[in-house]
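Colleague: with the input below, show me the fold.
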Amino acid sequence: MGGIVSIARFKFHEGKVEEYKRLSAEAMEIVRTKDSGTLQFDTYFNDDESECMVIERYRDSAATIEHWENLRDLSETILAMVSVVHGELLGEVSAQLRADLADGPVQLFTPYQSM
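Modeller: Below you'll find the predicted structure:
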């Protein structure tokens with residue numbers, strides 16, 4: 001497969017969807033202008049917009065770390081307005097990225113089979 005895939009699912013706190021949408025647009029602009037190895041950055045809402053999923057794909061561990069650094073401040077603000085339902089990172093990651101994940105809510109999955 002190659003690369004790194006990130007999947008995050010959030011449940012919005014009451015009245016926070018519109019603020020999230022505004023911040024999500026800011027995040028998209030940062031990704032487009034500052035990230036060098038982000039290959040995908042997609043956001044999906046359920047029908048009543050009470051939850052969303054964010055699917056991201058990165059070239060490698062360095063690109064993943066760069067992305068997180070570029071969005072660090074914005075991510076902290078976003079995480080204050082949601083409950084994380086789940087977060088996963090899929091792929092072969094560097095020792096540094098593995099260490100960065102050690103104390104957080106994101107679970108790492110490494111490849112078994114892929115086509």
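Colleague: which intervals of this protein have sub-threshold pLDDT?
Modeller: Applying pLDDT under 70 to the chain picks out residues 1.
Colleague: longest helix in it, please.
Modeller: Secondary structure of the chain per DSSP state H: the longest helix is helix 17-34.
Colleague: buried ones in that one?
Modeller: For helix 17-34, a neighbour-count test (16 or more other Cβ atoms under 10 Å) marks Val17, Tyr20, Leu23, Ser24, Ala27, Ile30, Val31 as buried. Where C-beta positions appear, they are placed from N, C-alpha and C, glycine not excepted.
Colleague: and the residue lying closest to Thr110 once chain neighbours are set aside, how many neighbours?
Modeller: Computed as Cβ to Cβ, 6 or more residues apart in numbering, the closest residue to Thr110 that is not its neighbour in sequence is Glu92, at 6.3 Å. The local packing of Glu92 (other Cβ atoms under 10 Å) involves 14 other residues.
Colleague: before we move on, back to that, would you format the buried residues of helix 17-34 as a markdown table with distance to Ser61 included?
Modeller: Converted to a markdown table, those look like this (distance: Cβ to Cβ, whole Å):
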| residue | distance to Ser61 |
| --- | --- |
| Val17 | 32 |
| Tyr20 | 27 |
| Leu23 | 25 |
| Ser24 | 24 |
| Ala27 | 20 |
| Ile30 | 19 |
| Val31 | 17 |
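Colleague: which residues touch Val85?
Modeller: Arg9, Phe10, Lys11, Glu51 (Cβ atoms under 8 Å, 6 or more residues apart in numbering).
Colleague: the residue nearest to Thr110 contacts Pro111, doesn't it?
Modeller: Yes: at 6.4 Å, Glu92 counts as touching Pro111 under the criterion of Cβ atoms under 8 Å.
Colleague: all strands of the chain, in order?
Modeller: Using DSSP state E, the strands found in the chain span residues 4-12, 38-45, 51-58, 82-90, 107-109.
Colleague: send me the fourth one as PDB with only the CA atoms.
Modeller: It refers to strand 82-90. Extracted in PDB, the C-alpha atoms of strand 82-90 (Å, rounded to 0.1, in the frame of the first residue of the first chain):
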ATOM      1  CA  VAL A  82     -15.700  17.600  19.700                       C
ATOM      2  CA  SER A  83     -15.600  14.200  21.300                       C
ATOM      3  CA  VAL A  84     -13.300  11.800  19.600                       C
ATOM      4  CA  VAL A  85     -15.200   8.600  18.700                       C
ATOM      5  CA  HIS A  86     -12.100   7.000  17.300                       C
ATOM      6  CA  GLY A  87      -8.800   7.800  15.600                       C
ATOM      7  CA  GLU A  88      -6.600   5.400  13.700                       C
ATOM      8  CA  LEU A  89      -3.300   5.700  11.800                       C
ATOM      9  CA  LEU A  90      -2.600   2.900   9.300                       C
END
